[in-house]
Every structure is written in C-alpha cells, then in structure tokens.
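**Student:** coords please:
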Amino acid sequence: MPYAKHHKKEKERERSKRRNILRRKGYNLNSSHKGQKYNLNEKNPNWKGGITKLYVKARTSAEYFKWRFEVMKRDNFTCCFCHKVGGKLQVHHIKPFAQIIKENNIETFEQAKNCKELWEKDNVITLCLDCHRQTETYLKNTKKKEVK
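**Tutor:** The predicted model follows:
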C-alpha cells in the first residue's frame, strides 16, 4: 500500500513538471484548446502594438506595491472608515490618481515614478473594499462608464 501511494505522488509530480514546462513554452493546457500554442504578442488578434496604459504600468510596478504596503502598515492594516482590521484592503487616493497624472502631464512610467505628488502618503488612506466602493471617486473614470 505505501508503495502505491508513493508511486502515485511521484507520477503527479512528474506530470506537474511537464505541465509547467509546456506553460512556459506558451502552450495552452485548458481542455477546450489542449496542446495549442497561445497567440503571443503580434499573433494575438487583440494586440495593440505593445502599449500598456500608464496607470496599469504604475499600479503593477514593484514600487507601487512597496508604497502601498507602507501606507497600509502606517494605517495598521485597518480601514480608516469602519476600523475593520485586515480583509480586502485597498489604498484610496483622496485626490484621484488619474487627476494627478493629468494635472502633471505625465506620459511615461519614468515621469510617474519621479512625480512626488503621485507618491505622497498624505493623499491616501487605507480602506476596506466595501468602504472604498462608497467613495465618490471609486472607479470614477473606468468601469462605471463602461457599465452604462
């Protein structure tokens, strides 16, 4: 019996390694498209020339995650409205992120990194997701317009 369990785990590990190698090479392992290569870069019909929106680059950067963590740490990982500790916490810009980018004519990620106003910790507070949704500027210029 122990041999069978050990053998089964070993086979699972081997299968997992093979799957990871195939994924890294760009193969899709979903059941409906099994074995087909992903359309990467220019081959993808949704390709728009390699452009990524500035706010996406900024909000997915290592600098942003470090800054975000420091803000949450400053607020003791507590929502500043309902005082709930932990959970799905977000950083809320009192003066909206997009407005700062527009007012400072920021066009590149390097300009965003160097803009002191964008990274000011006095302009942000930690909120839980429910409280953040209640703010006037939550998703102001993005998803709310798309829903209409």
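**Student:** Quick check, pLDDT for the residue nearest in space to the middle of the chain.
**Tutor:** In the chain, the residue lying closest to the centroid (CA atoms, centre = their mean) is residue 60, at 5.3 Å. Looking at residue 60, its pLDDT is 86.
**Student:** correct me, but residue 109 touches residue 61?
**Tutor:** Yes. Counting by CB atoms under 8 Å, residue 109 does reach residue 61; the two are 7.3 Å apart. C-beta coordinates here come from the backbone N, C-alpha and C atoms, glycine included.
**Student:** And the helices in this protein?
**Tutor:** 2-24, 54-59, 62-74, 97-103, 109-114, 129-133, 143-147 (DSSP state H).
**Student:** want to try CSV for the ones you listed, with mean neighbour count and distance to residue 47 as columns?
**Tutor:** Compiled in CSV, the helices of the chain are given as follows (neighbours: other CB atoms under 10 Å; distance: least, CB to CB, whole Å):
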stretch, mean neighbour count, distance to residue 47
helix 2-24, 10, 20
helix 54-59, 15, 16
helix 62-74, 13, 25
helix 97-103, 15, 25
helix 109-114, 15, 20
helix 129-133, 15, 32
helix 143-147, 8, 21
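**Student:** Identify whichever of these lies nearest to residue 122.
**Tutor:** Among the helices of the chain, the nearest to residue 122 by CB to CB is helix 62-74 (10.2 Å).
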